[in-house]
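Trainee: How does the following fold in three dimensions:
(2 chains)
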Amino acid sequence: MNDIYKDNIIDHYKNPRHFGQLDKPTVSHEEVNSLCGDRIRMDLKIENDQILEVKFKGVGCAISLASASMLTEEISGRKLKEAAGIKRDRILEMLNIPMSPTRLKCALLPWEVLLKALQKYWKKKL
Amino acid sequence: MIDVNKIRQDFPILSRKINGKNLIYFDNAATSQKPESVLKTIDDYYRNHNANIHRAIHTLGEEATAMYENARNKVANFIKAARPEEIIFTSGTTASLNLVAYAWGRLNLSQNEEIILTVMEHHSNLVPWQQLAFENGLTLKYLEIDESGTIKADALEEIITPKTKLLAITHMSNVLGTINPIKEMIKVAHRHNVTTVIDAAQSVPHLPVNVQSLDCDFLAFSGHKMLGPTGVGVLYGKQKQLEKMPPFFFGGHMIKEVYLEKTLFNEIPAKFEAGTSPIAQVVGLGAAIDYLEKIGMDNVREHEKALTDYALSQLAQIEGLTIYGPKNSQIRGGVIAFNLHGIHSHDVAQILDAEGIAIRVGNHCAMPLHTALQIPASCRASFYLYNTKEEIDLLKKGLLKTKKVFL
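Mentor: Got it, this is the predicted structure:
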C-alpha cells in the first residue's frame, strides 16, 4: 500500500543525519513551504570552497525531512561547485519512491534551501 | 433525521473507488461533491438553453435570463434576504470579500480608523483588509481565541473604540469548526456604528442562515461548498449599503448609459455584475439550493452535529491525537482539525489516501490561526450530509494504522 514509506525513508525521518545547527555557520538559509507549513533551515560551514560541515533543522513531513537528511549526507565534505551541481533528479533518485506533484514540493524543499544558501554565500563573497 | 443511504445514491462520485477502497470524502470544507440534480441542471442548461443573459429578445436568451434570475430568487429566499436585488453573484467568497474591501472599504475607511478581525479568519477575510490597511493607513485589531478555540461576544465590546468602523468575521471557522456568536457581535457592532462583514463560506452550506435576523451588512459565501459548481459565489448586502457602494468592475451590463465623457451606472444588483456572468454555474447553484431545501437545512445541521459528536468521541480515544477547537457541537460545525503527535499532517493524509479517505492537511488558508495554536500544520476532516458514522470508524482505523507506520 504505502510504497512511499519505505524503511529507508522512515529511518532518515526518525534518525535524521546532521540534524541540529552549527555554532558559527558561514552561511545559513531557511525556506518555508507555506502550503503545508514545512520549514527547513540549513547551516553550512565553508572553507576553501568546500563544505566542511552541514546541519539542518526544521519541521516537515517524512518526505521533506528524509530528503534533507539524505541531502546533507550527500553534500558533506563536497566541493561547493559539486554541491551546487546536484540536479533535481539526483534528489528523486536518492529518495527512490513514487512521487505525486504535491509531494514533489516536499521532496525538493531541502534542495532549494541548499541552492539558495550557496547563492547567498557567493553573493556575500562578491 | 435524514436518510443518508438515500442521499448517497444522489452523488455519483461517492461510488468511486480510490486505491481499491470505497471513497470516504472528508474534505467538504474545501469543496463539496455534487448531486445528480445539479449535474443534470448544468448539462441541460448548456444543451437546451445556452445563451447570453439580459438584453436578448430571442427565446434562448429569455430562457437563460429567467433561469439566472430565478436562481437569484432562490438564493435570496435561502438566506432570507429582504429582496433578490441584495444578492450579487460573484466568482466565490474571495471575490465577494474583495469586492467589499475595494468598493466599500476604500470609500468608507480612512487614516487611523480601525478594522476588527479575528485570528481564526481564512486568508480571504484577512489579506484584503490587511492590504487596504496598508493603502489607507488603517489599523487592524484582532480578537484572540480562548483555549477552547472560541471568541466571546463580550471580547468585541472591549476592543471597540470610536475609531472602529468595520467588523469582518467568519461565521464558522474552516479549521476549528467554531460557530461564532455573530448575532450578538453584530448587535454590539451596530450599537457602535460599526459595519459588519460576515464570511459565511462554511456556515451557509451547513446550517440555516437568516441574514435579516442576523442583521449583518454584508455576507459572503461560495456555491461549490454547498453542492453547487465552482466559479460562482454570492455577496449579500443590505440594499442601502449596496446602493451607496460604488461599482468596482466596469464594463457591460453594469451601466445604464454610456457617453464618451461619462457613464451612468445601473441599479443593484446589475451594478456589480459587469461582464458575462457564470450563467451555468448560477443556474447550477439554484439546483443545489433546491436539493438542500428538499432535505431541510435544520436536518443537515442535525445530521452533522451527530457526526461531529461521534467523531469527537471516537478520535479522542486515539492516544497522541490532539483535537483543536470547541468540544461542544452546539457551537461547532462538522469540521475537525487534529494532529497525531510526532507525525506530520502530510504523512497522515498520504496514508489515509491509500485507504480511500480524503482529508485535507496544511494550514487551510489560516496561517495566523496555526501560529496562534503554535503548530505548523494540521489535519482536517470535514463532514457533509452524505457522510456516515461508519466512515468515521474507518477514519479512526486509518489513523491507528498511520501511527503503526511511524511509531
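
Trainee: could you say which helix or strand contains residue B:309?
Mentor: In this structure, residue B:309 sits in helix B:297-315 according to DSSP states H and E.

Trainee: got the contact list for the helix or strand just after that helix?
Mentor: For helix B:297-315, the succeeding helix or strand toward the C-terminus, using DSSP H and E, is strand B:321-324. Strand B:321-324 is contacted from outside by B:149, B:175-176, B:312, B:315-316, B:336-341, B:373, B:378, B:399, using C-beta atoms under 8 Å, 6 or more residues apart in numbering or on different chains. Just so you know, the C-beta spots here come from the backbone N, C-alpha and C atoms, and that holds for glycine as well.

Trainee: residues contacting residue B:45?
Mentor: Per C-beta under 8 Å, 6+ apart, neighbours of residue B:45: B:64, B:67, B:279, B:280, B:283, B:284.

Trainee: swap the cut-off to 10 Å and go again
Mentor: Contact partners of residue B:45, counting by C-beta atoms under 10 Å, 6 or more residues apart in numbering or on different chains, are B:51, B:63, B:64, B:67, B:68, B:279, B:280, B:281, B:282, B:283, B:284, B:287.

Trainee: what's the answer for residue B:391, then?
Mentor: Counting by C-beta under 10 Å, 6+ apart, residue B:391 has contacts B:4, B:22, B:23, B:24, B:25, B:26, B:307, B:311, B:356, B:357, B:381, B:383.

Trainee: Tell me how far the nearest residue to residue B:396 once chain neighbours are set aside lies from residue A:124.
Mentor: Leaving out its chain neighbours, the residue that sits closest to residue B:396 by C-beta to C-beta, 6 or more residues apart in numbering or on different chains is residue B:314, at 5.0 Å. The gap separating residue B:314 from residue A:124 is 54 Å, by C-beta to C-beta, to the nearest Å.

Trainee: Of these two, give the one with the bigger neighbour count.
Mentor: residue B:314 (15 against 9; other C-beta atoms under 10 Å in any protein chain shown).

Trainee: Which stretches in the stretch 201-350 of chain B count as strands?
Mentor: If DSSP state E, counting those that start in this stretch is used as the criterion, the strands of the stretch 201-350 of chain B fall at B:218-222, B:233-237, B:255-258, B:263-265, B:321-324, B:335-340.

Trainee: Might you list the low-confidence residue ranges for chain A?
Mentor: Counting by pLDDT under 70, chain A contains low-confidence ranges at A:1-2.

Trainee: where do the helices sit along it?
Mentor: Applying DSSP state H to chain A gives helices spanning A:7-14, A:62-75, A:80-84, A:88-95, A:101-125.

Trainee: next one: the stretch 151-300 of chain B
Mentor: Taking DSSP state H, counting those that start in this stretch as the criterion, the stretch 151-300 of chain B carries its helices at B:153-159, B:182-191, B:211-214, B:239-244, B:279-295, B:297-315.

Trainee: before we move on, the earlier item: who wins on neighbours among the contacts of strand B:321-324?
Mentor: For the contacts of strand B:321-324, neighbours tallied by other C-beta under 10 Å; top is residue B:337, 31 neighbours.

Trainee: dump the residue contacts of it.
Mentor: Taking C-beta under 10 Å, 6+ apart, one finds B:29, B:149, B:173-177, B:322-325, B:345, B:359-361, B:364, B:366, B:369-370, B:373, B:375, B:377-382 in contact with residue B:337.

Trainee: Which pLDDT value belongs to it?
Mentor: At residue B:337, the pLDDT value in this model is 98.

Trainee: count of neighbours near residue B:56?
Mentor: 14.

Trainee: So it is in contact with residue B:63, correct?
Mentor: Yes - taking contacts as C-beta atoms under 10 Å, residue B:56 lies within contact range of residue B:63: 9.3 Å.

Trainee: Setting aside sequence neighbours, what's the nearest residue to residue B:377?
Mentor: Residue B:377's closest residue in space is residue A:37 (C-beta to C-beta, 6+ apart), at 3.5 Å.

Trainee: any idea how far the one you found is from residue A:60?
Mentor: 8 Å.

Trainee: the more surrounded of those two?
Mentor: residue A:60 (26 against 23).

Trainee: Might you report the residue contacts of the more buried one?
Mentor: Residue A:60 neighbours (C-beta under 10 Å, 6+ apart): A:13, A:32-33, A:36-40, A:66-68, A:106, A:109-110, B:344, B:346-347, B:376-377.

Trainee: And residue B:306, by the same measure?
Mentor: B:1, B:329, B:334, B:383, B:389.

Trainee: what's the answer for residue B:383, then?
Mentor: So residue B:383 contacts B:25-26, B:28-29, B:177, B:206, B:303-308, B:310-311, B:333-336, B:391-392 (C-beta under 10 Å, 6+ apart).

Trainee: Try it again at 7 Å.
Mentor: B:26, B:28, B:304, B:307, B:308, B:334 (C-beta atoms under 7 Å, 6 or more residues apart in numbering or on different chains).

Trainee: Tally up the residues packed near residue 91, please.
Mentor: In the absence of a named chain, chain A is used. Per other C-beta under 10 Å, the neighbour tally for residue A:91 reads 22.

Trainee: right idea, wrong chain: chain B
Mentor: Around residue B:91 there are 18 residues (other C-beta under 10 Å).

Trainee: Surely it touches residue B:234?
Mentor: No - in this structure residue B:91 lies outside contact range of residue B:234 using C-beta atoms under 7 Å: 10.4 Å.

Trainee: Run through who's touching the one helix or strand residue B:352 maps to.
Mentor: Assigned by DSSP H and E, residue B:352 belongs to helix B:345-354. With C-beta under 7 Å, 6+ apart as the test, helix B:345-354 has contacts from A:1-2, A:4, A:36, A:61-62, A:106, B:19, B:339-340, B:359, B:361-362, B:377-379, B:398, B:401-402, B:405-406.

Trainee: Now list the buried members of these.
Mentor: A:2, A:4, A:36, A:61-62, A:106, B:339-340, B:359, B:361-362, B:377-379, B:398, B:402, B:405-406 (16 or more other C-beta atoms under 10 Å in any protein chain shown).

Trainee: show me what contacts residue 32?
Mentor: Chain wasn't specified; assuming chain A. Residue A:32 touches A:38, A:39, counting by C-beta under 7 Å, 6+ apart.

Trainee: that's the wrong chain, I meant chain B
Mentor: Here residue B:32 is in contact with B:205, B:224, B:225, B:226, B:227, B:384 (C-beta under 7 Å, 6+ apart).

Trainee: before we move on, what about residue B:7?
Mentor: Counted by C-beta under 7 Å, 6+ apart, residue B:7 has contacts B:385, B:386.

Trainee: element containing it?
Mentor: Judged by DSSP H and E, residue B:7 forms part of helix B:4-9.

Trainee: And that helix, what's buried?
Mentor: Going by 16+ other C-beta under 10 Å, helix B:4-9 has these buried residues: B:4, B:7, B:8.

Trainee: now, which of those sits nearest chain A?
Mentor: residue B:8 (25.4 Å; C-beta to the nearest C-beta).

Trainee: Distance check, that closest one against residue B:403.
Mentor: 29 Å.

Trainee: Chain B is nearest to which of the helices of chain A?
Mentor: helix A:62-75 (4.8 Å).

Trainee: Need the residues that contact the closest one.
Mentor: By C-beta under 7 Å, 6+ apart, helix A:62-75 touches A:5, A:9-10, A:12-13, A:16-18, A:38, A:40, A:51, A:54, A:56, A:58, A:83, A:86, A:91, A:94-95, A:103, A:106-107, A:109-111, A:114, B:344, B:347.
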